[in-house]
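> Need a 3D model of the following:
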Amino acid sequence: MTLLQDQAEAVLRGRNCVLEKLVSGAPLEEVLESLARVVEELAPDQLCSILLVDKEKQCLRHGAAPSLPKEYSRLVDGLAIGPQVGSCGAAAALGRRVIAEDLETHPNWEPFRLVTRKAGLGACWSEPILSARRGVVGTFAMYYREARRPQQFDLELISRLAGVAGVALDFKHLERERSALQVQLRQIIDLDPHMIFARDWEGRFLLANEAVAQAYGTTVKGVTGQSLGDFHSTREAQELALAEDRKVMASGKPEVVEEEVFQDADGHQRVLQTTRIPFSAGGVERAVLGVAVDITELKATQESLRRSELAFRQLAETITEVFWLTDWRKNEMIYVSPAYETVWGRSRQSLFDDPASWSESIHPEDRARVVAAFRSQAALGDYEEEYRLLRADGSLRWIRDRAFPISDSTGEIYRVAGISEDVTDRKNVELDLQRTRDELDARSRKQLSSMQSELLLAEERERKRLAGELHDGLGQTIALAHMKLGALRKRLPPSEADELEAIAKWIESANQQVRSMSFQLSPPILYDLGFVPAVQWLVENVGETHRLEVTLVEAGVPAGLDERVCVLLFRAVRELLHNVAKHARAKRAWVDMECDGQSLFIRVKDDGDAFDTAAVGMRGVGLFGIRERLNNLGGRMEIHSERGNGTEVLLVTPLILDGGEGKKGGMA
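Prediction:
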């Protein structure tokens, strides 16, 4: 027979009672116990059992069985799931109802007959409890004391109430999932270093993470439920924050406030970048969800970088030399100082538009040489050229051009910086001196020697001045920016610190290049430690830079040499070693220095290609310039170059100590 109206109403009342317990938050054990008792009240001759599926261990666990013997329930707890395991194990495995009218004869119950006899059980039919999301989640069983066949009423009853059990199990499962999700979300927002909050129309905190609590000097519980007025130091600050919240709530559109000033619990002024979005939850229709990022240190760093850039531009844009920087990989001009327009007579924009346009103004006789040298040597650090510049107004200028490569973290060249110096006045003096030299008699040559010495010293002083400006001005500014950036990087979260790490590497690379440029312009070791240590450094530097084996032998060279002698000989040795490295294709070179008490002797030898000694160069100091200046000091230069034996250049100069007096023997 089917359920009669009064029975159906009883089932409905029982179901509603169970669901009320479920919604009120009663534990699952209590809900299942209540459901089992509803069944037993509706069918007094039945013993109800509810078992739950343990999917991990593939077995059934005790859920509720108010009238079964405790010992039987204990033995059934952990029952394996299988198509031939009793009624419940089979129903869970097959996903359908399993009926055993007589436990004494049904094959599924053979292993359990001693247990069922002891418990006084004669029949059992079990209904799988199904979940729409998770499949079979349990079994709903009815036991009888004697063997019997189920009636239609029994089947409808077990079917309906098994459905209620499924709802209860799904509800509790979702409740556990929601609880676990809430815990995970709380852990996530508390780990986030940014301030995350939710506030209602009145400014009350519906949600706050640890970052918010720390900023207010309290706990998360101490913030939740409180209003803005409980924390903000001034009414103005409270009203500004509340106005921004309400603006987003009223418009229903997200908004980002780039900078908001906020005073924390310690009284420190902090700058926040706050994103707000409309939010509704927990019965609150109008609320706002916000994320505030503390950009105080970032703003300070940006300001520091701005000041550093300003200082760099003030230096680069006020010096008379042309400072330029290129992207070597992309062949693009990154920066060129305003002096370019003064020296070249062309706009800076023309150089940005066409980075190769600088060469168009080079004198036709010099252009091919200079362009070839730039292309082959700029990225190696060997580029240093002097050439003539024909300006649009017809005037001719002499340029001294140098380039310095900049490497990335992998050692690959990605920038090339350089300085182009207008040396027209110096070149004109040199040319005038050359013309005058041809006309002067022997008595005038002494005056000329003094002028050349002064010219050499003046040029060296200018080198020192420019090197000092680069090191003490731009170098110190870049170093300060690097220190500030390093301090900030330690206080930022890893996601933001990675970006600053790349900026710090660029700044450190620029700092190293500035130091290298200033050292190449005027090595401080020459003035701080003297001539011999300076040559030792030069030999090591050329060897490392050009992968050339250079040997230095020094015997008896005194300290305290005259500045003119130091500068001339140092630049002469550097010119000779650079010539060996760039032109001789040598594998080894030697520098021998000795003093006999009256004169200094320096020999620069190599095992490279020989050359025509009658065709010495005229560029820069050059071999010709070295010879002339040695002659003016009363010295000389001898060149011996022979195929198969390389080249040897001998430099001889009188021993002149500081103060200008010659020294006959002895050591300083």
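> where do the strands sit along the stretch 101-250 of the chain?
123-131, 135-144, 195-200, 205-208 (DSSP state E, counting those that start in this stretch).
> any idea how far the last one is from the chain center?
This points to strand 205-208. Its chain's average C-alpha position is 33 Å from that of strand 205-208, according to CA atoms, centre = their mean, to the nearest Å.
> so what's the closest residue to residue 79 other than its chain neighbours bridging to?
Closest residue to residue 79 apart from its sequence neighbours, by CB to CB, 6 or more residues apart in numbering: residue 60 at 4.6 Å. Quick note: C-beta positions are derived from backbone N, CA and C, even for glycine. With DSSP bridges as the criterion, residue 60 is bridged to residue 53, residue 79.
> shouldn't residue 60 be in contact with residue 49?
No. The pair residue 60 and residue 49 does not pass the contact test of CB atoms under 8 Å, sitting 9.9 Å apart.
> Overlap in contacts, these two.
For the pair residue 60 and residue 49, residues contacting each of them under the criterion CB atoms under 8 Å, 6 or more residues apart in numbering are 76, 88, 139.
> Kindly reformat these as a markdown table containing neighbour count and pLDDT.
Supplementary listing: those in a markdown table, determined by neighbours: other CB atoms under 10 Å; pLDDT from 0 to 100:
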| residue | neighbour count | pLDDT |
| --- | --- | --- |
| 76 | 22 | 88 |
| 88 | 27 | 91 |
| 139 | 29 | 89 |
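> with the residues you listed in mind, which one is nearest to residue 149?
Taking CB to CB as the measure, residue 149 sits nearest to residue 88 out of those, at 18.7 Å.
> Tell me if I'm right that the closest one and residue 50 touch.
No. With contact defined as CB under 8 Å, residue 88 does not count as touching residue 50 (9.6 Å).
> what residues are shared contacts of the two?
Between them, residue 88 and residue 50 share these contacting residues under CB under 8 Å, 6+ apart: 139, 141.
> Quick check: the gap between residue 162 and residue 85.
19 Å (CB to CB, to the nearest Å).
> whoops, residue 380 was the one
The spacing between residue 380 and residue 85, counted by CB to CB, is 83 Å.
> So between those two, which is more surrounded?
Neighbours were counted for residue 380 and for residue 85 using other CB atoms under 10 Å; residue 85 has more, 21 against 14.
> The more buried one: helix or strand, and which one exactly?
Here residue 85 sits in a region with no helix or strand, counting by DSSP states H and E.
> That one: what's it in contact with?
Shown here is residue 85, whose contacts under the criterion CB under 8 Å, 6+ apart are 79, 93, 108.
> closest to residue 590 among those residues?
Top of the list for closeness to residue 590, among the contacts of residue 85 and by CB to CB, is residue 93 at 93.1 Å.
> Show me where the stretch 501-650 of the chain has its strands.
549-555, 588-595, 599-606, 636-642, 646-654.
> would you list every one of the strands in the stretch 301-450 of the chain?
Listed in chain order (using DSSP E, counting those that start in this stretch), the strands of the stretch 301-450 of the chain are 322-327, 332-336, 384-390, 396-407, 413-422.
> which residues touch the second one?
Going back to what we said before, that points to strand 332-336. Applying CB under 8 Å, 6+ apart, the set of residues contacting strand 332-336 from outside is 316, 322, 323, 324, 325, 326, 327, 348, 351, 352, 355, 415.
> The same query, at a cut-off of 10 Å, please.
312-313, 316, 322-327, 340, 344, 348-349, 351-358, 415-418, 420 (CB atoms under 10 Å, 6 or more residues apart in numbering).
> okay if I get the shared contacts of residue 60 and residue 49 as a markdown table plus distance to residue 199?
A markdown table is the format used below for these (distance: CB to CB, whole Å):
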| residue | distance to residue 199 |
| --- | --- |
| 76 | 53 |
| 88 | 52 |
| 139 | 49 |
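> Where does pLDDT dip in the stretch 351-500 of the chain?
With pLDDT under 70 as the threshold, the stretch 351-500 of the chain has low-confidence stretches at 438, 440-482, 484-500.
> Please read off the pLDDT at the closest residue in space to residue 653 that isn't next to it in sequence from the model.
Counting by CB to CB, 6+ apart, residue 635 is the residue found nearest to residue 653 once chain neighbours are left out, at 3.6 Å. According to the predicted model, the pLDDT of residue 635 comes to 88.
> oh, and call the first residue 39 from now on, that's how I've got it
Sure thing, new numbering starts at 39, so read that last one as residue 673.
> surely residue 673 meets residue 636?
No. Look at residue 673 against residue 636 with CB atoms under 10 Å: they stay out of range, at 11.5 Å.
> Identify the contacts common to those two.
With contacts taken as CB under 10 Å, 6+ apart, the residues that reach both residue 673 and residue 636 are residue 692.
> Among these two, which residue is more densely surrounded?
Comparing residue 673 with residue 636 by other CB under 10 Å, the one with more neighbours is residue 673, at 21 against 11.
> what's the spacing between the more buried one and residue 141?
Taking CB to CB as the criterion, residue 673 is separated from residue 141 by 125 Å.
> Likewise for residue 324?
For residue 324, the distance to residue 141 - CB to CB - is 63 Å.
> Settle it for me: which of those two has more neighbours?
It is residue 141, of residue 324 and residue 141, that has more neighbours when counted by other CB under 10 Å, with 24 against 16.
> My guess is the more buried one contacts residue 148. True?
Yes. Residue 141 sits in contact with residue 148 when judged by CB under 10 Å, with a separation of 9.4 Å.
> re the thing from before, quick one: least confident of the contacts of residue 123?
residue 117 (88).
> Measure how buried the nearest residue to residue 573 once chain neighbours are set aside is and give me the count.
Spatial nearest neighbour of residue 573, chain neighbours left out: residue 611 (5.9 Å); criterion: CB to CB, 6+ apart. Residue 611 has 24 neighbouring residues, counting by other CB under 10 Å.
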